[in-house]
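Engineer: Would you be able to build a 3D model of this:
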Amino acid sequence: YSFNAELSGWGLKLCYRYVGKVDILNRGYSGYNTRWALPICEKVFPLDAKPPKFVTIFFGANDSSPPSSGQYVPLEEYEKNLKEIVTFVQKRYTNDPPVVILISPPLLDQEAHINDCKKKGYPTEETRTEENTKKYAEVARKVSQECNVPFVPLATIMSNKGDWKDLLCDGLHFSAAGNKCAYKAISRVLSRVPALLPDNIKHDLPHWSVLADKE
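Structural biologist: Next comes the predicted model:
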C-alpha cells in the first residue's frame, strides 16, 4: 500500500523527495508479520549490495491480528522479533551503517475493518481490535528507545486528529489522506538527520544544465 499510486502511497512520495539522488526500494511483503520477516533479513539486505542510507521498519498491523488468524504473533514475540530485525539492520553494514527508522502500526477503525471483511467474505467472529493494535504500537515505541533509533508514532499522530478515521480506506490501510499524513511524519524524522536532507545528497548523474554548458 505504501507504493499504491491510486492512494498516493507514502513510499512513492519518498521516491519523489529523493528523485535523482536515492533509489527508494520497496521491501514490504503483503501480509507479512515479524515472524516471517526475520528469517528473510539476509535476503532483503544482501552484503554484496550498496549499503542503504536509511531503512524504515514498519510492522505490527499483521502481528496484532486475532489469535485465530494465521498472521497473529503474540505481543512478547513481536517485541523480540522487532528488536532482532532492528539490530540486524544496525549491524549488517558495519562500515557504513544506515539510519534505521522504526514506525508504529497505525490506529485501526474496527467498525470499518469488520465491514470490509464482510464485503470480502472473510470471517468476522474474531477480528483485529483498536485496543490491541495500540498495545503493539506502544511496544514499537519501547523497542525504538531500547535500540536508540528514530521513531514515528503513527498511532499517536493519528489519535491527535479528530478525523483520524478518514486516514484509512478500509479501517486498516491508509487512504490518500493517510498516506499524506504518514509521509509528513516520516519526512519530519528524516529531516532531523542532516545527511538525509535531499539538499545534502548529490545527484547520481550531472544535472542537464551542466551537460548543456559543456556543449
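
Engineer: hey, let's count contacts and neighbours off CA atoms from now on
Structural biologist: Fine.

Engineer: show me what contacts the residue most central in space within the chain?
Structural biologist: Nearest residue to the geometric centre of the chain (CA atoms, centre = their mean): residue 58, 3.4 Å. Neighbouring residues of residue 58 by CA atoms under 8 Å, 6 or more residues apart in numbering: 102-105.

Engineer: which element is residue 55 on?
Structural biologist: Element membership of residue 55 [criterion: DSSP states H and E] is strand 54-58.

Engineer: hey, C-alpha coordinates of that strand in CSV?
Structural biologist: The C-alpha coordinates for strand 54-58 follow below in CSV (Å, rounded to 0.1, in the frame of the first residue of the first chain):
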residue,chain,number,x,y,z
PHE,A,54,18.2,4.7,5.7
VAL,A,55,15.7,1.8,6.4
THR,A,56,12.1,2.1,7.6
ILE,A,57,10.8,-0.8,9.6
PHE,A,58,7.0,-0.9,9.8
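
Engineer: Identify all contacting residues around the next helix or strand after that strand.
Structural biologist: Next helix or strand after strand 54-58 toward the C-terminus (DSSP H and E): helix 75-92. Around helix 75-92, the neighbours that count as contacts under CA under 8 Å, 6+ apart are 34-35, 38, 41, 45, 47, 57, 59-60, 63-64, 97-100, 135-136, 139-140, 143, 147.

Engineer: what's the average pLDDT for helix 75-92?
Structural biologist: Mean pLDDT, helix 75-92: 97.

Engineer: still on that earlier bit, spatially, which two of the contacts of residue 58 are the most separated?
Structural biologist: 102 and 105 (9.8 Å; CA to CA).

Engineer: sorry, back to before: report the buried members of the contacts of residue 58.
Structural biologist: 102-105 (16 or more other CA atoms under 10 Å).

Engineer: Narrow those residues to those in strands?
Structural biologist: Among the buried ones among the contacts of residue 58, DSSP state E puts 102-103 in strands.

Engineer: mind putting the buried ones among the contacts of residue 58 in TSV, pLDDT and distance to residue 70 included?
Structural biologist: Shown next, in TSV, are the buried ones among the contacts of residue 58 (pLDDT from 0 to 100; distance: CA to CA, whole Å):
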residue	pLDDT	distance to residue 70
102	98	24
103	97	23
104	97	21
105	96	18
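
Engineer: Enumerate the positions of the lowest-mean-pLDDT helix or strand in the chain that are buried.
Structural biologist: In the chain, no helix or strand scores lower on mean pLDDT, DSSP states H and E than helix 208-214, which sits at a mean of 84. Within helix 208-214, no residue is scored as buried using 16+ other CA under 10 Å.

Engineer: Using CSV, list the CA coordinates for that helix.
Structural biologist: Below are the C-alpha coordinates for helix 208-214, written out as CSV (Å, rounded to 0.1, in the frame of the first residue of the first chain):
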residue,chain,number,x,y,z
TRP,A,208,21.1,18.6,-17.6
SER,A,209,22.3,22.2,-17.3
VAL,A,210,25.9,21.0,-16.6
LEU,A,211,25.8,18.9,-19.7
ALA,A,212,24.4,21.8,-21.8
ASP,A,213,27.3,24.1,-20.6
LYS,A,214,29.8,21.6,-21.9
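
Engineer: how far is that helix from where the chain is centred?
Structural biologist: Taking the mean of its C-alpha atoms, helix 208-214 sits 38 Å from the chain's own mean (CA atoms, centre = their mean, to the nearest Å).

Engineer: buried set for the strand holding residue 55?
Structural biologist: 55-58.
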